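**Q** Provided below for reference: sequence and predicted model.
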Amino acid sequence: MVYMMPMSVRARKSARSIVCAVLASLVSLSASGTVRGQTATLEIERTIPLKGVSGRIDHMAVDLGRKRLFVAELGNDTMDVIDIAAGAVVRRITGFKEPQGVGYAAGADVLAVANAGDGSVRLFHGAELQSAGTINLGDDADNVRLDPRTGNFIVGYGSGGLAVIDPVKASLVSRVLLKAHPEGFQLDSDRRRAFINVPDAHQIAVVDMDARRQSGVWQMPDNFRSNFPMALDAVHGTAAVVFRSPSRLVIFDINTGRPTGTFSACGDADDVYFDAKRHRVYVSCGGGTVDVWQQDGSGYRGLSPVKTASGARTSLFVPDLDRLYVAARAGFFGLGSDAAILVLRPVD
């Protein structure tokens, strides 16, 4: 799994075979060292009901200044605004078309909501959440990230692209072409790079954000599929990527593109985070658990997974609040139960 520029077909096949061998050896090595501890790692501190919300819940974002949590309710075509201190929904905005990604730009005080149904990114002024404009990307607007260096939103969309959006001018700045639809991605703002999961192309794309073009690729082996969530620890040059088939957490060196550890993970993962304070990794999965991994030296040790709810695969870890928010769909706590946000507190 080498960080590589465009190469010949023969060279690509050779690199891919090397990657398969590396991953296979890492899986066998990791399996013997994955001993789950019995100490609690996360505790459910509070459950915030989302009354009247049906269907799949997607991603979340936070406005730290106002202590508000934004929840994209894809199956309900709504977005809920939660008062974090009160632990209650204070507003519901309707009229979306399958909202997926949410991002908040504190400098511009603008919220962005990306819609899969019509490919639009709708912007809102932060205080009263009044409309601040709409950017039409054409198809399947998905994950939203904030570029801290420029203050722009970066949005994955369509059959293969990143869109750079100016939240102040409510305008499309540029587009970056990719091989297929981007899933989870992260920004290394200091080095002006983006790392993007592109599962349909079996790759992780590396993008030069200044040049606004793909500059490299880590080609995945064919038997590792559906790399959706990604987390980045740019300080230590590490990325955590979770595959759904097979269910594996893979740690990469972002400077070489090579895997340094591979571990069995929970099923149907959709979000992964580094907890820098505790040197941990959290993976939230639709299988109904949050997996927890503790960094020990140069390796990782599996800790006790935390039970959540079936289908609760999307989450948001907020280091400033030291909380992990997990979205649970309606009915998964029992027939007729409300959808909810589970507030998990890390245990030291």
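**A** Received the coordinates, thanks.

**Q** CA atoms for contacts and neighbours, from now on please.
**A** Noted.

**Q** Can you give me the end-to-end span of stretch 105-116?
**A** Stretch 105-116 has its terminal residues 21 Å apart, counting by CA to CA, to the nearest Å.

**Q** Beyond the lowest-mean-pLDDT helix or strand in the chain, next helix or strand please.
**A** Taking mean pLDDT, DSSP states H and E as the measure, the chain has helix 9-33 as its least confident helix or strand, at a mean of 46. Later in the chain than helix 9-33, the nearest helix or strand by DSSP states H and E is strand 42-50.

**Q** so what strands line up beside that next one?
**A** Strand 42-50 has the following sheet partners, assigned by DSSP bridges: strand 339-346 (antiparallel).

**Q** just how off-centre is the strand it pairs with within its chain?
**A** 17 Å (CA atoms, centre = their mean, to the nearest Å).

**Q** average pLDDT for that strand?
**A** For strand 339-346, mean pLDDT rounds to 98.

**Q** ok, and what's touching that strand?
**A** With contact meaning CA atoms under 8 Å, 6 or more residues apart in numbering, strand 339-346 is reached by 41-54, 308, 322-332.

**Q** Then stretch 241-252?
**A** 223-231, 238-240, 258-269, 272.

**Q** Just to be sure, which of those are found in strands?
**A** Members of the contacts of stretch 241-252 lying in strands (criterion: DSSP state E): 225-231, 238-240, 259-264, 269, 272.

**Q** what residues are up against Thr238?
**A** Neighbours of Thr238 in contact, by CA under 8 Å, 6+ apart: 232, 251-254.

**Q** Apply 6 Å and report the result again.
**A** 252-254 (CA atoms under 6 Å, 6 or more residues apart in numbering).

**Q** In space, what's closest to it - neighbours in sequence excluded?
**A** Sequence neighbours aside, Asp253 is the residue nearest to Thr238 in space, at 5.0 Å (criterion: CA to CA, 6 or more residues apart in numbering).

**Q** measure that neighbour to Pro199 for me?
**A** Taking CA to CA, one finds Asp253 at 19 Å from Pro199.
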